[in-house]
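> no FASTA, just this:
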């Protein structure tokens with residue numbers, strides 16, 4: 001697996017994924033739908049899969065003496081690394097945003113609860129995009145469209161609940177230190193959901209890929 005991960009970062013990684021890390025600065029915009037930051041993360045992953053498809057990466061991997069499940073596992077590790085890197089890159093900009101005394105009029109604030117909900121969003125993307133992709137091993141357009149339909153539905157629901165659920169409206173919309181401590185359960189639950197969904201996505205993807213006759 002160490003050698004596979006070396007190959008993923010050296011040969012499979014698309015430079016746009018690094019560039020999109022800079023877009024974490026979008027969190028500094030006072031009135032902005034901050035979930036869009038992580039949409040760009042999913043777009044970077046899409047370009048990664050597109051580049052590897054054009055370079056016949058799957059067929060290259062198939063001639064190597066490795067299991068199909070390990071091919072899927074290595075790619076999942078790469079996707080998770082990209083997503084976690086985006087989260088980490090967003091943290092300092094979230095602190096900077098907290099210094100700006102303006103409420104976000106178009107969505108949730110860049111706070112602890114936001115990161116928890118963003119983890120759920122990324123988990124849903126993994127579940128839809130990756131499982132659909134590994135059913136064929138080369139189709140990426142429809143899986144990306146389907147995954148984005150799901151995550152944008154999630155964003156709409158999350159933003160709606162943010163205005164009608166008392167806990168979210170009063171606690172999760174705050175950037176005060178006291179209230180952000182109260183948001184920690186949202187972060188923990190979000191991380192747990194992300195982890196569970198991503199593991200499920202890996203198992204489904206690996207099972208589908210093993211059945212493919214490439």
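Okay, I see it. Computed from a predicted model, the values in this text were never measured in an experiment. Numbers count the residues shown, from 1 in each chain.
> same for the helix ranked longest in the chain, what does it pack against?
Counting residues, the longest helix in the chain under DSSP state H turns out to be helix 68-98. Secondary-structure packing of helix 68-98 (3 or more C-beta pairs under 8 Å, 6 or more residues apart in numbering; DSSP states H and E): helix 2-7, helix 36-54, helix 57-62, helix 112-125, helix 184-211. Glycine gets a C-beta too; all of them are placed from N, C-alpha and C.
> the longest one: which residues count as buried?
It stands for helix 184-211. 186-187, 190-191, 193-194, 197-198, 201-202, 204-206, 208-209 (16 or more other C-beta atoms under 10 Å).
> hang on, the earlier thing: tell me what angle the longest helix of the chain forms with helix 184-211.
150 degrees (axes from the mean of the first three to the mean of the last three C-alpha atoms, to 10 degrees).
> hang on, residue 184 packs against residue 112?
Yes - counting by C-beta atoms under 8 Å, residue 184 does reach residue 112; the two are 6.1 Å apart.
> what is the neighbour count of residue 30?
Neighbours of residue 30 under the rule other C-beta atoms under 10 Å: 12.
> circling back to that earlier point, which of the buried residues of helix 184-211 sit farthest apart?
186 and 209 (33.7 Å; C-beta to C-beta).
> what does residue 102 show for phi and psi?
Main-chain dihedrals, residue 102, degrees, to the nearest 10: phi -130, psi 130.
> sec struct for the residue nearest to it when sequence neighbours are not counted, please.
Excluding its sequence neighbours, the residue lying closest to residue 102 (C-beta to C-beta, 6 or more residues apart in numbering) is residue 30, at 4.3 Å. Of the three states, residue 30 takes coil according to DSSP: H, G, I helix; E, B strand; the rest coil.
> right, I'll leave it there.
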